Each structure stands twice: as structure tokens, then as C-alpha cells.
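In: Any chance you can model this:
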Amino acid sequence: MPLNSGVNTRELSLSNTNKHGLSRYIPADIERDVRVRSKFGCVFCRSAIYQYEHIIPEFNDATEHSSEHMCLLCGRCHDKVTKGQISKDSVRRQYEKVQTDANIKRPFDDLVLDSQSLTVVLGSNIFHGARTLIEIDGDAVLAIEPPEDGMSFPTISGEFSDENGEELFRIERNVWSGRPDVWDMKVEGKEIVIRSAPGKVALKLIIEPPNRIVVERLDMRTRSAFLRLRKGSLEVGRVEADAEYSVGLERFECDGADVGVKVDSVGVQEPILKTVRMVGGKGLTLEGTGISLGTGTSRMTILGLSIEHATKRYTKRMVFPLQEDLQGYSEILPPRI
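Out: Purely as a prediction, here's the structure:
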């Protein structure tokens, strides 16, 4: 399901309505008021990745969605409430405290990010004001957008899967869904670190006000596709039983794209660069690779491209410098998988 589908996906596996016929879908104005009252973070730990929690009554007994009786909780704090480690009464008292205590700040309150346009840096690649950074098979799998009015934390969306391609959790415009025991997020200073497993950093962001976010580490898997940063190159690829195929982008830069990198991982089996084609409004198409760059952009440049086929016996790498004075080459390297 696309991350920007507009459907409330926090608990898809459960019934869409409770015993009173109340839908799990929360109206946008109620969600907004809950975020404002909670100061845009979990009322306990202040995490800016959260869920919407019905305090009293719980959702099963509720007849309406009321911002007076709902708050924001991160996945871990929500799990503690479910297990009875934090009482509903404690949640209510903390929600009231957050609303009245001026010393309780919003996440990243000490930073000021431009709410109009962000520049996101992935390795040697730069995206100015891109609505979606990476789209795979029609789904927006990584988006980092400007903060909502009233907060400084960027709006993050992403899908995170295990090594078999099974979804662990997802973040949709800072709303988390999935099992609380399979992820972790840490905010310290200007850094945001999201882990998909103990010791495994899936995404590390460094905030550089007023409008720049540097992706220092990226290692994400969604179904059979993956995204990663390696030696400054943004690699987008597909995993098979005994091989990996990937396309690496170097020194790619675009302004105002609807989608920075669009990938068709189904229609292309083994990526082979046939030609580079520019189409107005559709960006740059790397024919034979299933990748399009800068869809809807007003300006873009790219100076380097590589294709890699990794097996358990060898790694074949082909490099295509997109500059007239440089020659492409291929090399056989030792296996790395």
C-alpha cells in the first residue's frame, strides 16, 4: 500500500470499526488538535514518531474521536500501556501536564527548520524540495518532507522490512505502525537514528538548520528491493535468492521533483543500461534499468552511474561516468554476499 494513500494504516489487521460502529479513521482536524495538544510528540518520552491513543474510554468503547480524550504515544510507550505497565490514569495525567507545563518542549524545539522547502543530501546526491525521495513499484518508500506548522521535526515516511523482505514496521508522516519490539528510534542533538534491529541502523539523519537534512546512513529493505548508501553512492537494487542487482547514483542533483528516484523492480530482471533518455516532465529515464530520475523536476544533473551484479562467486561492476571526457569501464571483484 502506498504510504501516501490517505488511509489510516495504523491497525490494518484489526476491524475497521468498534462495537458502536465508530471507524478507526480519525478526522484530520481531530488528529491535528491531538498533535497540537501533545506538542507533536509522545506525551511521555517526547518521541516525534507516534500513534494516536484513545485514553478513556478506549477505542472499543468510544462513541466518538475526541481530542480531549486522545493523545500521542510512541510505539514503545503504547506497548507499555497495553501490557499494563503504564496505567490509563497515568496517561491522562501526563497528557494534561504536557498541555499546561511550559517547560515541556516539542521535539527538536531548539532547532528551526524551514517549513517551505528542504534540501536532502544522500551521499553525493542532493534533492532540493523533492516531495518523494524514493518510489519503488508505485509505493513511496522514503520521503522526508518539511515540518508541519508549529513544529521543527521533519515529516518522515518510510517502509522497513527484515532480511526476507517481510515488513517490520512503517512510518507514515511520522505516524508509526507495526510491532513495537522490532524497532528503535533515538534523537540526540541534531541526529535522528532509526534502527530496524539491534545494532542495525536503517536510517540516520543529521538536521542542519535552516533547511538541510543529511542522510548519513541508509540501509532499508522493502519487499525484494533495497536502498543503501555506500561510499557516497545511492544504491537502489533487488535481492534474489543467490544474487543482488543494483544501480548506483553519484552526484545526482534535482530541484522540485515530484519523485527523486522512481524504480520498477518488477518489470526489469537484470539491469542493463541501454540508453539515457530525457522526457519533458518525466525526467531522465535510464532505459534497461527500470529507473527514472527527477520526475517533474525543473532542473537536474547527474555525473556518475554504476551497475552491479553481486553473486556468491563474484561481483561484476560497470561504471558509466556521464561526462564527455571520461570513459566507462567494468571490473570483476571478489564476492561480497
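In: OK, contacts around S265?
Out: Residues near S265 by CB atoms under 8 Å, 6 or more residues apart in numbering: I136, D137, R223, S224, A225, R238, G290. For the C-beta atoms, the positions are set from N, CA and C on the backbone; glycine is no exception.
In: Farthest-apart pair in those, please.
Out: Of all pairs drawn from these, the greatest distance, 14.4 Å, lies between R223 and G290 (CB to CB).
In: Those two: which is more packed in?
Out: Neighbours were counted for R223 and for G290 using other CB atoms under 10 Å; G290 has more, 22 against 19.
In: That one and R238, how far apart?
Out: 9 Å (CB to CB, to the nearest Å).
In: again with L284
Out: Distance from L284 to R238, counting by CB to CB: 20 Å.
In: Please apply the same query to V214.
Out: Distance of V214 to R238, computed by CB to CB: 26 Å.
In: now do L203
Out: L203 sits 20 Å away from R238, going by CB to CB.
In: Between V214 and R238, which is the more surrounded one?
Out: Neighbour totals were compared for V214 and R238, and R238 leads with 22 against 17 (other CB under 10 Å).
In: Tell me the secondary structure at that one.
Out: Recorded secondary structure, R238: strand (DSSP: H, G, I helix; E, B strand; the rest coil).
In: Where does the prediction get shaky in this protein?
Out: 1-15, 108-112, 114-115, 149-152, 179-183, 269, 279-281, 324-326 (pLDDT under 70).
In: Break it into its domains for me.
Out: In terms of domains, the chain is parsed into 1-107, 119-333 (source: automatic domain parsing).
In: which residue sits closest to R317, ignoring its sequence neighbours?
Out: Using CB to CB, 6 or more residues apart in numbering and skipping the chain neighbours, the partner closest in space to R317 is E308 (4.8 Å).
In: same check, this time on H69
Out: I55 (5.2 Å).
In: Same list, the contacts of S265, but as JSON lines with distance to M278 and secondary structure please.
Out: Output for the contacts of S265, formatted as JSON lines (distance: CB to CB, whole Å; DSSP: H, G, I helix; E, B strand; the rest coil):
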{"residue": "I136", "distance to M278": "22", "secondary structure": "strand"}
{"residue": "D137", "distance to M278": "23", "secondary structure": "coil"}
{"residue": "R223", "distance to M278": "29", "secondary structure": "coil"}
{"residue": "S224", "distance to M278": "29", "secondary structure": "coil"}
{"residue": "A225", "distance to M278": "25", "secondary structure": "strand"}
{"residue": "R238", "distance to M278": "25", "secondary structure": "strand"}
{"residue": "G290", "distance to M278": "17", "secondary structure": "coil"}
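In: and of those, the nearest to L168?
Out: For the contacts of S265, the nearest to L168 is R223 (12.0 Å; CB to CB).
In: what helix or strand is Y245 on?
Out: Element membership for Y245, per DSSP states H and E: strand 243-255.
In: Check which helices and strands that strand sits against.
Out: Using 3 or more CB pairs under 8 Å, 6 or more residues apart in numbering; DSSP states H and E, the elements in contact with strand 243-255 are strand 125-128, strand 225-230, strand 233-239, strand 291-295, strand 299-311.
In: Rebuild these as JSON lines, extending it with distance to L273.
Out: Formatted as JSON lines, these follow (distance: least, CB to CB, whole Å):
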{"stretch": "strand 125-128", "distance to L273": "18"}
{"stretch": "strand 225-230", "distance to L273": "18"}
{"stretch": "strand 233-239", "distance to L273": "14"}
{"stretch": "strand 291-295", "distance to L273": "9"}
{"stretch": "strand 299-311", "distance to L273": "6"}
